[in-house]
Every structure is written in structure tokens, then in C-alpha cells.
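Student: 3D model of this:
(one chain, ligands or ions: 2)
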Amino acid sequence: MATAEQLKALLRSYVDEDGDQFLTVSMQIAAQAARRGQGKLAQELRELIDEAKRRSVQPSVGKSVPIARPAGELADLIQASYPKTQLVDMVLADSAMQSLKRVLMEYRQQEKLRSHGMSARRKLLLVGPPGSGKTMTAAALAGELKLPLLGVRLDGLITKFMGETASKLRLVFDAMIPTRGVYLFDEFDAIGGDRGRPNDVGEMRRVLNSFLQFLEADDSNSLILAATNHHEILDPALFRRFDDVIRYGLPEADHIERLAKIRLNMFRLNRVHWDEVRNVATGLSYAEVARACSEAAKTAVLRDLTDISTDLLVSALKERSSITSTTNTD
Ligand SMILES: Nc1ncnc2c1ncn2[C@@H]1O[C@H](COP(=O)(O)OP(=O)(O)OP(=O)(O)O)[C@@H](O)[C@H]1O
Ligand SMILES: [Mg+2]
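Tutor: Ligands and ions are numbered 1, 2, ... in the order given. Sure thing, here's the model as predicted:
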């Protein structure tokens, strides 16, 4: 029989989703059974192990990528998650939505493109105001493509020493080949500031240059996304290095209704006067409208309502507007 230590190791490998470790421990248990003369048990265990191995080397066509778990130094630089977000959860300007659908379509057919010496667009710059859906886009692309979302932590990346920063950047770009995923450099302006600005520190310029070199040299199968609020401070040289620049903005006239209908789809909304809602919500970001919808939903649940009224939605939006305007004047 397996020892307590072996059982613990088996469970640990299950928790860590470490298939190799699971098989190693299983083989130890089988070998031990054989040594103890439990031939039948040893044989049964080996057969099970062989079957497990066969299944784990099945071609991965159409399957999701194995769990990515940044280890060692990478663990401080990359945060992995597995979003379920889809593009239909988002409301976007037509041009942005078209660009994203095109990214998905090309990525899904990358083999076909490659066989003709072409490549799918994978390197995207997302530009727009706070709460417009840039980070959510990274989650939606990952969710749609069943890839891990690998958020690169710029605070961990940028150190006082250029050499160190460049080698960390290399570590991240090197990971893009074995660990296919959506790599997001959020708040990219931290490294993407205009290289020509007179007060620019030489260090940042060099960091940006090495980022650009890595970006250009990259021929992995990963998606690389950089997101920023500050279009104006970004270096024009950057725009050239990306396959596409996707622009985000405030919700358009009909977007508030569309977003509210997505967010409140578990309630009846046929009594809502959308004109009134739109008037109150004008000027709010998508994130703020989404937040107000969640507040309205919460109130409805607590009051056992199955309908959302105009008043309920309007007062949640007003509350959001007042919070935003007080924080903006701080
Ligand atoms: N276009 C959108 N469609 C649907 N929901 C959205 C959209 N934009 C934002 N949201 C909602 O607001 C939340 C916050 O948005 P997100 O973090 O993507 O904004 P951001 O553009 O990355 O902002 P920041 O510049 O502050 O990082 C999302 O998780 C989502 O709930
Ligand atoms: Mg963001």
C-alpha cells in the first residue's frame, strides 16, 4: 500500500495540476508494490499509468493550452488567470469590435496563414480612457481563445538597473514561446513614454528600446497586448511595431442601453425608459455604467424585485456620477 507520504505527494500533485509529478509518484507506488511481492497490484497500477500517459500525449488540437504556472523569477513578473469573458460581454465602438473579431479570426486560422508565409495579427496596442474596456479586452481574447491571461507586472519588471530590467523583459518574452497565452502589458505608459521628451530619463528610453526590439523579434504564437490611457505621450515609433492599434472611448448613445441589457439580463427591463437612463449616464465610462447596473441589481435582489424600474437604474447612475465628480475634483 502507498505510504502516507506518497498519498500526500499524490494529492499535492493533483492540487498543483502537476501531471508529471503525479505519474512519478504513481510509478514509485507501483515499484514498491512489486518489491513487496504484490505483483497483481503492481501490474494493475502500471496499466493505469500507461493509460494516463497515453491520454496526456494526445494531440492537443482543439484543446485548451495546459495550465500555465509561472515559476521561479517569472512568478514575480507574471500573473496568470483563466478568464471566461467573451466578446459578447462587451459593448464597443464598431471599429474596435471589428478589429478584435479580426484578431480572433486570424488567430484561429494561423496555421492556414502560416502555410502561405503570412502571420496572424498578434501584437496589439489598446489606447483609451479609464474604464473603457482595455483590460477586459485582454480577458475576452483569452476567454475566446481558451488561452491563459498572463498579466505582466510592470512594477516587478522595471528596476533601477537597466541590465536587470532588460533581462527580466527577456525572461517574459522567452516565456511566450513555450507558454502560449495572452500577455498583457497593462499601464504600458510606465515604459512607453515618448522617447523624445527632453526630461526623459535615459533609462526609460533604453527600457522602451529593448521592449521594442523584443516585440519586433518575437515570433511566438502568443498574443501581446499593451494598454495605456495616454495616447498623447506615446512615442510614434511604437505604433509602427504593433500589428494594430485599437482605440477605446466613452460609450456611444445606444451603448448605455446595450450594456445595461447585458448586465441586467436576469431582470425584466420592459418598463425602463431608456431616454431618461441615457441622459443621466452621459459622460460616464463603461465601467461606471456597469457598476451602477450591479448596484441596481443588488437593490432589486434585496427588495425581491424581478423588474428593474427606470427610477432604480437612474438613481444608481446618479449615485455613480456624483461619486465620479467628487473624486475627479479631489
Ligand atoms: N466596453 C465595455 N463593455 C462592457 N463592459 C465594460 C466595458 N468597459 C469596461 N467595462 C466594465 O468595466 C470594468 C473595468 O473595465 P476595464 O478594467 O477593462 O477598463 P480599462 O479600460 O482597462 O481601464 P483602466 O484604464 O482604468 O485600466 C470591466 O471589468 C467591465 O465590467
Ligand atoms: Mg485596465
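Student: which stretches of the stretch 151-300 of the chain form strands?
Tutor: Ranges of strands in the stretch 151-300 of the chain, per DSSP state E, counting those that start in this stretch, are 182-185, 223-228, 244-247.
Student: closest one to ligand 1 among the ones you listed?
Tutor: Proximity to ligand 1 (Cβ to the nearest ligand atom) singles out strand 223-228 among these, at 6.0 Å. (Glycine included, C-beta is placed from N, CA and C.)
Student: hang on, the earlier thing: so can I have JSON lines of the strands of the stretch 151-300 of the chain showing distance to ligand 2 and mean pLDDT?
Tutor: JSON lines is the format used below for these (distance: least, Cβ to the ion, whole Å; pLDDT from 0 to 100):
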{"stretch": "strand 182-185", "distance to ligand 2": "9", "mean pLDDT": "96"}
{"stretch": "strand 223-228", "distance to ligand 2": "6", "mean pLDDT": "95"}
{"stretch": "strand 244-247", "distance to ligand 2": "13", "mean pLDDT": "94"}
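Student: In CSV, list those strands along with distance to T299 and mean neighbour count.
Tutor: Shown next, in CSV, are these (distance: least, Cβ to Cβ, whole Å; neighbours: other Cβ atoms under 10 Å):
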stretch, distance to T299, mean neighbour count
strand 182-185, 33, 27
strand 223-228, 32, 26
strand 244-247, 34, 18
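Student: In a markdown table: those strands, plus distance to ligand 1.
Tutor: Shown next, in a markdown table, are the strands of the stretch 151-300 of the chain (distance: least, Cβ to the nearest ligand atom, whole Å):
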| stretch | distance to ligand 1 |
| --- | --- |
| strand 182-185 | 10 |
| strand 223-228 | 6 |
| strand 244-247 | 11 |
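Student: I'd like these laid out as JSON lines, including distance to T24.
Tutor: Below are the strands of the stretch 151-300 of the chain laid out as JSON lines (distance: least, Cβ to Cβ, whole Å):
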{"stretch": "strand 182-185", "distance to T24": "30"}
{"stretch": "strand 223-228", "distance to T24": "33"}
{"stretch": "strand 244-247", "distance to T24": "44"}
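Student: which bits of the stretch 201-330 of the chain sit near ligand 1?
Tutor: N229, L259, Y286, A287, A290 (Cβ under 6 Å from any ligand atom).
Student: among those residues, which are in reach of ligand 2?
Tutor: Among those, none lies close to ligand 2 by the criterion of Cβ under 5 Å from the ion.
Student: ok, which pair from those is furthest apart?
Tutor: N229 and L259 (20.1 Å; Cβ to Cβ).
Student: Comparing those two, which shows the higher neighbour count?
Tutor: Neighbours per residue, other Cβ atoms under 10 Å: of N229 and L259, the larger number sits with L259, 21 against 17.
Student: for the more buried one, what are its contacts?
Tutor: V91, P251, Y286, V289, A290, C293 (Cβ atoms under 8 Å, 6 or more residues apart in numbering).
Student: where does the residue of the stretch 1-150 of the chain found nearest ligand 1 fall, phi/psi-wise?
Tutor: For the stretch 1-150 of the chain and ligand 1, the shortest gap (Cβ to the nearest ligand atom) falls at G133, measuring 2.9 Å. With angles defined as degrees, to the nearest 10, G133 sits at phi 110, psi 20.
Student: For V289, see how far away it is.
Tutor: 11 Å (Cβ to Cβ, to the nearest Å).
Student: go on, F242?
Tutor: 28 Å.
Student: So which of the two has more stuff around it?
Tutor: Between F242 and V289, counting by other Cβ under 10 Å, V289 is the more crowded of the two (27 against 18).
Student: circling back: what number of residues lie near the residue of the stretch 1-150 of the chain closest to ligand 1?
Tutor: 26.
Student: The one 5 residues further on now?
Tutor: Other residues near A138 come to 27 when the count uses other Cβ under 10 Å.
Student: Please apply the same query to the one 4 residues further on.
Tutor: Other residues within reach of A142 by the criterion other Cβ under 10 Å amount to 24.
Student: What helices and strands are in contact with the helix or strand hosting it?
Tutor: Secondary structure assigned from DSSP states H and E places A142 in helix 134-145. Using 3 or more Cβ pairs under 8 Å, 6 or more residues apart in numbering; DSSP states H and E, the elements in contact with helix 134-145 are helix 94-108, strand 123-127, strand 149-152, strand 182-185, strand 223-228.
Student: So which residues make contact with that helix?
Tutor: Contacts for helix 134-145 (Cβ under 8 Å, 6+ apart): 81-87, 89-90, 100, 103-104, 107-108, 126-128, 147-149, 151, 181-182, 184, 186, 223, 225, 227-228, 246, 248.
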